[in-house]
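1. heads up, no residue letters with this:
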């Protein structure tokens, strides 16, 4: 069981991610945008952060940059949930400090496999 | 994971996507009027969410379709492409097409149609470049060996991105047997070591029948954060790719299951409620519980004067909390009319362009709330009124100039609360109704024999008669066989009324008056024999006690009485519903003048008992549809009273007269 | 400071590695390890390590190399299963001179 933060402005996507991970026994918190995620991250210690790229208020890339400035989130895996198959988007995420990405569409099994892979 | 578990999010996805499409549409329109670049991001985000969600929730056709639009938007967003009218037009049609796809998704129909196919091609053509097929390419290039040598030297900063060599090597271990040898050649002296950087490298011998793609897959997130060489040590002969397994049969079964699921999920639609409203409800329920436990103390012991006062106080509180709770629960179903209003900017733009008219649309009172069910059904009548206003009401710029008006006509949609009703007005500053044309048409259609002596209001009423249409040529906009009579019927099905005020040369105002909610109506309780009926207050004009001679029988059956210079037909409720032991003599009963479906009739009842709010119970859901009855309610004494459907009753009367 | 063998045991510094021995704590541990070079001998206690990563093990490898260069030979007081496993995966068990696991 891991503590996971799911960040997405889409309630359906966030709900699906949280639902899937909770079913797998993880402790999942949810945030609607980067700013709320940042607030949540400061008040807790997550083992993994899953974040959408395009979000209002604070997008995923800015959120990753901010998170990486926090000592507690130096090496914590952060995965971007992205539909962009263009490599530049992925590289932007990496440059911001993301660990990797999960390309939408993904089904619950893919999500769980990736999470398992990251949590080791 | 159960599929049913995901189905709940599918419905949420559809709802938020429809909202996203509304956002896309309004942003595109704003962009068309010179809005700022932030709009492009908003549009992109909406398309992006729909694309991602569509694929995840089982609508791959929609996803690939949206992908085309998204690619186009991405180029606009990144400045590679300037946005122009043609692109906005294309994207607006994309929004429409997606709405259609969602509608088909909810109906369980195939998502793609000819329109979607055509549009997809247009979108693809609009893109400068083709779509790179990277993922597929990589897979095809995969080669296979049963022993590999992997040299993996992370860059110093790799750990900071959360990528752990420990995890990567563990993943490799899952592929086959590993021999891991560390390399310390870059490891600095202890004092110089920056401990959060990675200065160790590895040579990894992997044995087992493994594809190159499986290995690169392990390192896909760190391509740019390490030096990586992958060498095949022992290459096996290329194995012929297995024939594609037949997937048709299970796919069909899946589609069937998905369809059943979708149908099940659409049966009861949902409503999003703000946390504030829910918190308010919880508070009220808390108050109720406190009051209830207070009242509970009266179960035991005698009730003296002091306790009686407390009891009365408690009952008063109970009544107040119950009323507040009722209002709050009703409030959950209340949504702002903005969601209906918002579809009009687009429509007005399209129609006015098509007709060569200049129209400015003004929306007033978009935050006015009304019941979700009413909201869902008010759209169609409003669409018709708006179409009519642009098509028939507003003039072309030439004509407007000729009559001394500005080139641009104004169309106003206005919503407001008035008493227990919501009033929606559709007004224009166009030509107004043409009295002569209407009278001529009504005579031609046999609706009236002459217009002489008819008030302007009475003439205006004619346009609500079935089969009436004043357009000289039926355009493809208004003339779809749907007349104002249907508008009136739709509104009256919602318990509302439509009226028109028009001034020739100045314009027209259509006023739709709707109940706030369909769940509760204000009504008068009427006695008919041993039965009780609820007559909706909104349809009551007046009630009068008549002398026997005031009512006259007419040839061919039926009765009439004179009311304010008009002869109104009488509907005896005991006749209509077959009640025993009712009053038959006119002078002993009461004539309730009601208005429904645009005409007035007199309802003859024994008497009126009082006014009350009636919680509407559906007869259809509990029994079956009954003509002349819109529902039932439970009275304070526990008995059931039927709610009279005035419009239905009037139609019944009309048929009887015709027969 | 005396460097006789008699005093060595008393002057040996024990460094207890933290339960969460990962990127977030390596700088802190490095500071402690530097001080250990001043002591006659150092003993590493990894029995309480519950989470460990590459950065942590790399730090220990660098520490051992430095100690060896100074003629010291830090001893292991304990090694948790988590640490042993991670070192095995990364091929670092030998470089860390981990003691053979105790028979259960």
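-> Cool, got the structure. Keep in mind that what you see is a predicted model, and the values were worked out from it rather than measured.
2. now residue B:111: how far from residue B:75?
-> Here residue B:111 is placed at a distance of 25 Å from residue B:75 (Cβ to Cβ, to the nearest Å). Backbone N, C-alpha and C define where each C-beta goes, glycine included.
3. try residue B:147
-> In terms of Cβ to Cβ, residue B:147 sits 45 Å off from residue B:75.
4. check residue A:109 too.
-> When Cβ to Cβ is applied, the distance between residue A:109 and residue B:75 equals 34 Å.
5. the more surrounded of these two?
-> residue B:75 (18 against 10; other Cβ atoms under 10 Å in any protein chain shown).
6. so the more buried one touches residue B:127, yeah?
-> Yes. The pair residue B:75 / residue B:127 is scored as a contact, 7.4 Å apart, by Cβ atoms under 8 Å.
7. what's the overlap in contacts for these two?
-> Counting by Cβ atoms under 8 Å, 6 or more residues apart in numbering or on different chains, residue B:75 and residue B:127 have no common neighbour.
8. excluding sequence neighbours, find me the nearest residue to residue B:605.
-> Closest residue to residue B:605 apart from its sequence neighbours, by Cβ to Cβ, 6 or more residues apart in numbering or on different chains: residue B:526 at 4.2 Å.
9. and the closest residue to chain A within the stretch 1-150 of chain B, what helix or strand is that in?
-> Residue nearest to chain A within the stretch 1-150 of chain B: residue B:55 (2.9 Å; Cβ to the nearest Cβ). Per DSSP states H and E, residue B:55 falls inside helix B:38-56.
10. give me the buried positions along the following helix or strand past that helix.
-> Tracing the chain C-terminally past helix B:38-56 and defining elements by DSSP H and E, one meets helix B:60-77 next. Buried residues in helix B:60-77, counted by 16 or more other Cβ atoms under 10 Å in any protein chain shown: B:61-63, B:65-77.
11. which other helices and strands does helix B:60-77 contact?
-> Helices and strands touching helix B:60-77, by 3 or more Cβ pairs under 8 Å, 6 or more residues apart in numbering or on different chains; DSSP states H and E, are helix B:38-56, helix B:85-107, helix B:114-126.
12. report the angle between it and helix B:114-126.
-> 30 degrees (axes from the mean of the first three to the mean of the last three Cα atoms, to 10 degrees).
13. so what touches helix B:60-77?
-> A:83-84, A:105, B:40-41, B:43-44, B:47-48, B:50-52, B:54-55, B:81-83, B:87, B:90-91, B:94, B:97-98, B:101-102, B:105, B:111-112, B:116, B:119-120, B:123-124, B:126-128, B:131.
14. flag the shaky bits of the chain, pLDDT-wise.
-> I'll assume chain A. Within chain A, the ranges that satisfy pLDDT under 70 run A:84-89.
15. actually it's chain C I care about, not the one you picked
-> For chain C (pLDDT under 70), the answer is C:1-11, C:102-104.
16. just to revisit the earlier point, give me the pLDDT for the residue of the stretch 1-150 of chain B closest to chain A.
-> With respect to pLDDT, residue B:55 has a value of 78.
17. also residue B:366?
-> For residue B:366, the model assigns a pLDDT of 87.
18. and it, that's in a strand?
-> No. Looking at residue B:366 with DSSP: H, G, I helix; E, B strand; the rest coil, it is coil, so not inside a strand.
19. can you give me the distance of the residue lying closest to it once chain neighbours are set aside to chain C?
-> Nearest non-adjacent residue to residue B:366, counting by Cβ to Cβ, 6+ apart: residue B:338, 3.9 Å away. Distance, residue B:338 to chain C, by Cβ to the nearest Cβ, to the nearest Å: 48 Å.
20. residue B:338 contacts residue B:367, correct?
-> Yes. At 6.5 Å, residue B:338 counts as touching residue B:367 under the criterion of Cβ under 8 Å.
21. where along the stretch 301-450 of chain B do the helices fall?
-> Using DSSP state H, counting those that start in this stretch, the helices of the stretch 301-450 of chain B run over B:305-332, B:338-341, B:344-355, B:372-388, B:397-402, B:435-444.
22. buried residues in the fourth one?
-> The reference is to helix B:372-388. Buried residues in helix B:372-388, defined by neighbour count with 16+ other Cβ under 10 Å: B:372, B:374-375, B:377-379, B:381-388.
23. now what about it, what contacts it?
-> By Cβ under 8 Å, 6+ apart, helix B:372-388 touches B:271, B:333-335, B:337, B:339-340, B:343-344, B:347-348, B:351, B:370, B:411, B:413, B:422, B:424, B:426, B:477-478, B:482, B:484, B:486-487, B:490-491, B:493-494, B:496, B:498, B:510, B:512, B:514-515, B:517-518.
24. try it again at 6 Å.
-> For helix B:372-388, the external contacting residues (Cβ atoms under 6 Å, 6 or more residues apart in numbering or on different chains) are B:271, B:333, B:335, B:340, B:344, B:426, B:477-478, B:487, B:490-491, B:494, B:510, B:514, B:518.
25. coming back round to it: off-centre distance for the helix holding residue B:55?
-> Centroid displacement of helix B:38-56 relative to its chain, using Cα atoms, centre = their mean, to the nearest Å, is 19 Å.
26. contacts for it?
-> Residues from elsewhere that reach helix B:38-56 (Cβ under 6 Å, 6+ apart): A:10, A:12-13, A:54, A:83, A:104-105, B:13, B:17, B:20, B:23-24, B:27, B:30-31, B:62-63, B:66-67, B:69-70, B:73, B:76-77.
27. make a PyMOL selection of the buried ones in the contacts of helix B:60-77.
-> Buried residues within the contacts of helix B:60-77, by 16+ other Cβ under 10 Å, are selected in PyMOL with:
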select buried, (chain A and resi 83+84+105) or (chain B and resi 40+41+43+44+47+48+50+51+52+54+55+81+83+87+90+91+94+97+98+101+102+105+111+112+116+119+120+123+126)
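28. the residue nearest to residue B:605 contacts residue B:607, doesn't it?
-> No. Applying Cβ atoms under 6 Å, one finds residue B:526 not in contact with residue B:607, separated by 7.3 Å.
29. helix, strand, or coil at the residue of the stretch 551-659 of chain B found nearest chain A?
-> Across the stretch 551-659 of chain B, the shortest distance to chain A (Cβ to the nearest Cβ) belongs to residue B:621, at 29.8 Å. Classification of residue B:621 by three-state DSSP places it in helix.
30. can you pull out the helices in chain A?
-> A:11-23, A:34-42, A:60-68, A:87-96, A:108-119 (DSSP state H).
31. who in chain C is up against chain B?
-> Applying Cβ under 6 Å from any Cβ of the partner chain, one finds that chain C approaches chain B through C:23, C:26-27, C:30, C:53-55, C:58-59, C:62-63, C:66, C:86, C:89, C:91-92.
32. buried only: go through those for me.
-> For the residues of chain C next to chain B, a neighbour count by 16+ other Cβ under 10 Å gives the buried set as C:23, C:26, C:30, C:53-55, C:58-59, C:62-63, C:66, C:86, C:89, C:91-92.
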